[in-house]
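Trainee: Sequence first, predicted model second:
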Amino acid sequence: MIRINENFLKLRPSYLFSEISRRLAAFQDSHKGASIIRLGIGDVTRPLPRACIDAFHKAVDEMARQDTFRGYGPEQGYLFLREKIAEFDYRSRGADIDADEIFISDGAKSDTANIQEIFSQDVRVAIPDPVYPVYLDTNVMAGRAGDMTDGRYSNIAYLDATPDNGFVPTPPDGQVDLVYLCYPNNPTGAVITKERLAQWVDYARRNKALILYDAAYEAFIRDDDLPRTIYEIEGATEVAIEFRSFSKTAGFTGTRCAFTVVPKECTAYDSALRPHSLHGLWMRRQSTKMNGVSYPVQRAAEAVYTPEGRAQVKELIDGYMENASLIRSSMEDLGLPSTGGENSPYIWVETGMDSWDFFDMLLEKAHVVCTPGEGFGRCGRGFVRISAFNSRQNVELAIDRIRKVLS
Ligand code: PLP
C-alpha cells in the first residue's frame with residue numbers, strides 16, 4: 001500500500017492568504033463594483049526594467065539561431081551572471097565572495113525551502129516569529145518540527161520579534177544549530193545593524209551553528225550604515241549561507257531568478273564531528289535535482305548590473321520606497337505605532353486591536369486590503385502588514401480612505 005509522508009499532516013493549513021481571499025470575495029459579492037485597493041500582497045506591480053527586457057529579447061533571438069542556440073546550461077548558473085553578482089553585490093561591499101561560491105536558481109523560495117535537505121534530521125532549528133512561512137513549513141515537511149501544541153511546534157526554537165527587541169531577536173542562551181534570519185524583514189520591515197548581526201555571527205561561531213540569511217529585500221536598504229550582506233561581518237563566511245533574489249529588486253517575481261551564496265569555508269559536521277564544506281553538498285544537491293535557470297532569464301538578470309540596468313532598478317525601488325514612506329508616516333500620524341518602510345517595502349503596523357478585526361474594518365470601511373499579522377505567527381497578533389507594492393496613485397487613495405476611517 002502506498003503511504004504518505006505523514007509530516008505533511010502536521011502542517012498548519014495555509015490559512016492566511018486563502019482566508020484573505022475568502023473574506024475579499026464575500027465582500028465583493030455584497031458590494032458589487034466597490035473599488036478595492038490591495039496593499040496586502042507581497043508581489044511587485046511594475047514591469048521589468050527596460051535593460052532587462054532588451055537583454056531578454058536578444059537572448060531569445062539567440063536561441064532561434066543555429067550558431068547561438070544553447071541547450072542545458074551549467075547547473076550552477078552561467079559564469080557571466082555569477083561574476084557580475086560577485087563583483088557588484090559582494091566585492092564592492094568588501095565581502096570576499098567568489099563567482100564559484102554563487103548558485104543561480106529560479107527563486108529564493110526554492111532555495112530557502114530546499115537548503116534544509118543538506119542538514120541532519122536532528123539539528124535544532126531556530127525560526128523567527130513572525131516569519132516568512134517557507135522556513136517553518138519545509139522543516140515541518142522534513143519531520144524536524146515535532147508536534148503542534150498551543151500553536152507552536154515542540155522542536156522548533158522560536159525567536160520572538162516584538163516591539164521590545166525592535167523586532168530583532170537576540171541569540172538564545174541555549175544551543176540551536178540552524179538559524180533562519182531575514183533582513184530587511186518580511187513581514188515586519190525591520191532591519192538589522194552590523195552590531196546586532198555580528199552577535200549572531202559570533203553565536204554561530206561559538207556554537208558551531210549555521211545562519212541561513214535571507215536578504216531578498218536587500219535592494220530596499222537606504223541607510224548606508226546597514227549591512228547589505230551578512231558577509232560584511234567578519235567571520236561570516238564560515239557560518240552563513242545567504243539568499244538573494246531578483247524578484248523584488250528588479251521585478252522578477254514572474255520571470256524567476258535568484259541566487260544563493262555558499263562560501264567554500266562554510267562548514268558543518270558529520271556524526272564523527274568531522275567538518276565538511278557545505279559548498280560541495282549544495283553543489284551535489286543542486287546538480288542532482290535541477291538543471292539550472294533558462295539562458296534568456298539569466299541574460300535578463302545580468303542586465304541588472306549594466307549602467308542602464310542599475311539606474312532603472314534604482315528608479316523602480318525609489319518609486320516603491322516613496323510609497324513606503326508615505327504609508328509609514330500616515331500610519332504614525334494616525335497614532336498607530338509602525339516599523340519598517342524606511343529600508344523595506346513592508347510597514348508593520350500595531351493596530352491596538354485584533355489583526356483580523358482591523359483587516360475587516362479596513363476592508364469594509366476603506367475598501368483597502370492589508371495582511372493580518374497573526375498569519376505570520378503568534379507574535380504577529382495585533383499587527384497588520386501593509387505593502388508598498390502598488391502605484392503611487394493607489395497608495396495615496398488608500399491612505400486618504402484609511403485616514404477618513406481612523407481619524
Ligand atoms: N524570501 C522572502 C523573505 C520573501 O518574502 C520572498 C517572497 O515574497 C521570497 C524569499 C521568495 O523570493 P523568490 O521570488 O525569489 O522565490
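Mentor: Looks like it arrived, so ask away. Residues are numbered from 1 along each chain as shown.
Trainee: Stretch 28-38: end-to-end distance?
Mentor: Using CA to CA, to the nearest Å, one end of stretch 28-38 lies 13 Å from the other.
Trainee: Could you check it and say which residues are buried?
Mentor: Of the residues in stretch 28-38, 37-38 count as buried by neighbour count, 16 or more other CB atoms under 10 Å. Using the backbone N, CA and C atoms, a C-beta is placed for each residue, glycine as well.
Trainee: Need the contact partners of it.
Mentor: Contacts to stretch 28-38, defined as CB atoms under 8 Å, 6 or more residues apart in numbering, come from residues 24, 27, 363, 367-369, 390, 394, 397-398, 401.
Trainee: Same question for stretch 329-336.
Mentor: The contact list for stretch 329-336 (CB under 8 Å, 6+ apart) reads 338, 347, 349-352, 386, 399, 402-403, 406-407.
Trainee: Same question for stretch 310-328: list its buried residues.
Mentor: Across stretch 310-328, burial judged by 16+ other CB under 10 Å covers 312-313, 316-317, 320-321, 323-324, 326-328.
Trainee: Please apply the same query to stretch 253-268.
Mentor: So, applying 16+ other CB under 10 Å, buried residues of stretch 253-268: 253, 255-263, 266, 268.
Trainee: closest to the ligand among the contacts of stretch 28-38?
Mentor: Nearest to the ligand among the contacts of stretch 28-38, counting by CB to the nearest ligand atom, is residue 390 at 15.2 Å.
Trainee: picking up where we left off before, just checking: which of the contacts of stretch 28-38 also lie near the ligand?
Mentor: Checked against the ligand using CB under 6 Å from any ligand atom, the contacts of stretch 28-38 give no members in range.
Trainee: Compile the residues you listed into CSV and extend it with columns for secondary structure and pLDDT.
Mentor: Listed next are those as CSV, based on DSSP: H, G, I helix; E, B strand; the rest coil; pLDDT from 0 to 100:
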residue, secondary structure, pLDDT
24, helix, 94
27, helix, 94
363, helix, 96
367, coil, 96
368, strand, 97
369, strand, 96
390, coil, 95
394, helix, 96
397, helix, 97
398, helix, 97
401, helix, 96
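Trainee: Compare those and tell me which is most surrounded.
Mentor: In terms of neighbour count, residue 398 stands highest of the contacts of stretch 28-38 at 26 neighbours, by other CB atoms under 10 Å.
Trainee: Against residue 17, how distant is the residue of the stretch 251-400 of the chain found nearest the ligand?
Mentor: Evaluated by CB to the nearest ligand atom, the stretch 251-400 of the chain has residue 258 as its residue closest to the ligand, separated by 4.0 Å. Using CB to CB, to the nearest Å, residue 258 is found at 21 Å from residue 17.
Trainee: per-domain residue ranges of the protein.
Mentor: 6-47+308-406, 53-306 (automatic domain parsing).
Trainee: Rounded mean pLDDT for the longest one, please.
Mentor: Per-region confidence: domain 53-306 scores 97 on mean pLDDT.
Trainee: What distance separates the opening and closing residues of it?
Mentor: End-to-end distance for domain 53-306, by CA to CA: 13 Å.
Trainee: buried residues in stretch 65-74?
Mentor: For stretch 65-74, by 16+ other CB under 10 Å, it's residue 73.
Trainee: contacting residues for the residue in the chain that the ligand sits nearest to?
Mentor: Nearest to the ligand, among the residues of the chain, is residue 107, at 2.7 Å (CB to the nearest ligand atom). Residue 107 makes contact with 245, 247, 256-258, according to CB under 8 Å, 6+ apart.
Trainee: In strands only, show me these.
Mentor: Within those, residues falling in strands by DSSP state E are 245, 258.
Trainee: Can you tell me which of the contacts of residue 107 is nearest residue 79?
Mentor: The shortest gap between residue 79 and any of these belongs to residue 257, at 15.2 Å (CB to CB).
Trainee: Next up, phi/psi of that closest one, please.
Mentor: Backbone dihedrals for residue 257, given as degrees, to the nearest 10, come out at phi -160, psi 140.
Trainee: I'd guessed it sits against residue 110; true?
Mentor: No - with contact defined as CB atoms under 8 Å, residue 257 does not reach residue 110; the gap is 11.3 Å.
Trainee: Around the ligand, pick out the residues from this structure.
Mentor: Residues of the chain lying near the ligand (CB under 6 Å from any ligand atom): 42, 107-109, 112, 132, 182, 186, 214, 216, 245, 247, 253, 258.
Trainee: again, only using 5 Å
Mentor: Within the chain, the positions near the ligand by CB under 5 Å from any ligand atom are 42, 107-109, 132, 182, 186, 214, 216, 245, 247, 258.
Trainee: how about those in TSV, adding secondary structure?
Mentor: Output for those, formatted as TSV (DSSP: H, G, I helix; E, B strand; the rest coil):
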residue	secondary structure
42	coil
107	coil
108	helix
109	helix
132	coil
182	strand
186	coil
214	strand
216	coil
245	strand
247	helix
258	strand
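Trainee: Which one of those residues is nearest to residue 192?
Mentor: Nearest to residue 192 among the residues of the chain next to the ligand, with distances taken as CB to CB, is residue 182, at 9.3 Å.
Trainee: Show the contacting residues for the closest residue in space to that closest one that isn't next to it in sequence.
Mentor: Counting by CB to CB, 6 or more residues apart in numbering, the nearest residue to residue 182 once its immediate chain neighbours are dropped is residue 214, at 4.0 Å. Residues in contact with residue 214 (CB under 8 Å, 6+ apart) are 108, 112, 132, 135, 180-183, 242-243.
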